[in-house]
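K.L.:
turn this into a model:
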Amino acid sequence: MKRLPTGLSRPRRKGLIPSNSCCQSQHNISPGSLRQIRHASSRKSRPRTALFFPGQGVQKVGMLTPWLEAFPTTAKPLIEEIDHLLGYKLSTIIEEGPNSTLTATANAQPAIMASSILILRILEKEFGFRPAERVDVTLGHSLGEFAALVAGGFVSFEDSLYLVRKRAESMAECSRRACAEHGGEYGMVALVTETDHMAPLVESIHEFLGHNSAGSKSESAQDVPAIQQVLIANENSKNQIVLSGNIERIQMLLTHVRQFGGHDPRAVRLKSDSPFHSPLMRPAAEVMQRMLEGKSRVKGRENEDIVSFPGVMECVSNVSARPFESKEQLKELWARQCVETVRWWDSIKYLDQEEKVRRWIGVGPGKVGRNLVGKEVGMRGKDTVKGGGVWGISDPKEIEEVLRALDETETWSDEEIEELG
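P.N.:
This is a model prediction of the structure:
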């Protein structure tokens, strides 16, 4: 008998989706039909639900070990397939490290994305969790967008893993080139401040940088020497942003806002060896653009576009903070994400306030994404007043609690939630 972690009950096999590959679950109906069925189903039967995935920085040596121990017959073939698709033993780097090797961009990005999808596949295979039936929309924080697009049915896992690996290699090369040509150190720094201080802090940053456009959309930033390029890479929450670029320049900026802007944000250096979401990453965006115009690498789909549209559910773009509207727009925004601000806060506000999403399921390593969502929508665990909650699955021991909470809130209707609110 299979040994499960303490506190984890036997998996529920009812409605199990059979699948022979971690690349794609096998369905007997097309993605378009699935989408129609989902929208035709009774929306009054449950609250709107989002599935979200984490970005870079959540990697941890040994993060797949609990999954291998809990579900060896499912996890082991998936991990072997990941290594096969990549052409090297990423699983060994995840399992043994060292941390410096796992944290390197070229390894961290595919490791996090692959781990996120592995957890989702275990939920599908072992517990009969059907994303297209239980979820309305997907989204991912920065790198997490690759997993979100897989879960949403817009790209196969095999193609997404190839894309993320090549993009990560290009991003690492961008950083090496900047260091070689201009010297200095590059990376990312998170700034945390009081909510009512955020708007004036951003204004002070733009004043120092000499442009008024938000984030890396600034046209003027494109002509600034690399060593001076510092831009807002992430708008994570009501009280947190992330700066990306030359570290010395970021330190100068912080001195300026403290001395002349009257701000004193808490600065935290992130575990990143590259200045993501900045103009320094423009070559990586061009690489992504070229790859997205190519064909799928999946056997039997070699003559098909790498991107499918529509998917089985909507997916919210980091760049627009709105769902992708067409195949061409998806390709454009996915490539631009390399150099533009991740509008995570706007994405969460849109889904919470306009789309009335009431259940949020985080899947993947770490708890950063769960904390950022909970901070905005005001829910920690199940909130029966709003008829939903924010949950995360990063360890097998969390599965039972999350699936039980989803079952308990499955029958809430929009009308009932409004009455209770």
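K.L.:
so for stretch 298-317, what's the average pLDDT?
P.N.:
Stretch 298-317 carries an average pLDDT of 96.
K.L.:
equivalent analysis for stretch 242-259, please.
P.N.:
Mean pLDDT, stretch 242-259: 92.
K.L.:
and what of stretch 401-416?
P.N.:
Stretch 401-416 comes out with an average pLDDT of 80.
K.L.:
swap in stretch 193-208?
P.N.:
Stretch 193-208 carries an average pLDDT of 91.
K.L.:
likewise for stretch 151-166?
P.N.:
98.
K.L.:
CA-only coordinates of that stretch in PDB, if you can.
P.N.:
C-alpha atoms of stretch 151-166 as PDB (Å, rounded to 0.1, in the frame of the first residue of the first chain):
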ATOM      1  CA  ALA A 151      -2.500  24.900 -17.200                       C
ATOM      2  CA  GLY A 152      -4.800  27.100 -19.300                       C
ATOM      3  CA  GLY A 153      -4.300  24.900 -22.400                       C
ATOM      4  CA  PHE A 154      -2.500  27.500 -24.500                       C
ATOM      5  CA  VAL A 155       0.800  25.700 -24.900                       C
ATOM      6  CA  SER A 156       2.000  22.200 -24.200                       C
ATOM      7  CA  PHE A 157       4.300  21.400 -21.300                       C
ATOM      8  CA  GLU A 158       7.100  20.200 -23.600                       C
ATOM      9  CA  ASP A 159       7.000  23.400 -25.600                       C
ATOM     10  CA  SER A 160       6.800  25.600 -22.500                       C
ATOM     11  CA  LEU A 161       9.800  23.900 -20.900                       C
ATOM     12  CA  TYR A 162      11.800  24.400 -24.100                       C
ATOM     13  CA  LEU A 163      10.800  28.100 -24.200                       C
ATOM     14  CA  VAL A 164      11.600  28.800 -20.600                       C
ATOM     15  CA  ARG A 165      15.000  27.100 -20.800                       C
ATOM     16  CA  LYS A 166      16.000  29.000 -23.900                       C
END
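K.L.:
how far is that stretch from where the chain is centred?
P.N.:
13 Å (CA atoms, centre = their mean, to the nearest Å).
K.L.:
can you check stretch 76-83 too?
P.N.:
Computed by CA atoms, centre = their mean, the separation of stretch 76-83 from the middle of its chain amounts to 21 Å.
K.L.:
in that stretch, what counts as buried?
P.N.:
By 16 or more other CB atoms under 10 Å, the buried positions in stretch 76-83 come out as L78, I79, E81, I82. C-betas here are computed from N, CA, C, even on glycine.
K.L.:
which members of those are positioned in helices?
P.N.:
L78, I79, E81, I82 (DSSP state H).
K.L.:
quick check: next helix or strand after the longest helix along the chain?
P.N.:
The residue-count maximum for a helix in the chain (DSSP H) belongs to helix 157-182. Going down the chain from helix 157-182, the next helix or strand is strand 186-192, by DSSP states H and E.
K.L.:
list the buried ones in that next one?
P.N.:
Y186, G187, M188, V189, A190, L191.
K.L.:
please apply the same query to stretch 393-411.
P.N.:
I393, S394, D395, P396, E398, I399, E400, V402, L403, A405, L406, T409.
K.L.:
endpoints of that stretch, how far apart?
P.N.:
Stretch 393-411 has its terminal residues 22 Å apart, counting by CA to CA, to the nearest Å.
K.L.:
starting at the chain centroid, how far to it?
P.N.:
20 Å.
K.L.:
identify, from the buried residues of stretch 76-83, the entry nearest to S296.
P.N.:
Nearest to S296 among the buried residues of stretch 76-83, counting by CB to CB, is E81 at 16.4 Å.
K.L.:
quick one: secondary structure of G366?
P.N.:
Three-state call for G366 (DSSP: H, G, I helix; E, B strand; the rest coil): coil.
K.L.:
low-confidence stretches in this protein?
P.N.:
Low-confidence segments of the chain, defined by pLDDT under 70: 1-44, 211-227, 378-387, 412-421.
K.L.:
tally of neighbours for S326?
P.N.:
When neighbours are counted by other CB atoms under 10 Å, S326 registers 10.
K.L.:
repeat for the one 3 residues further on
P.N.:
By the other CB under 10 Å criterion, the neighbourhood of Q329 contains 16 residues.
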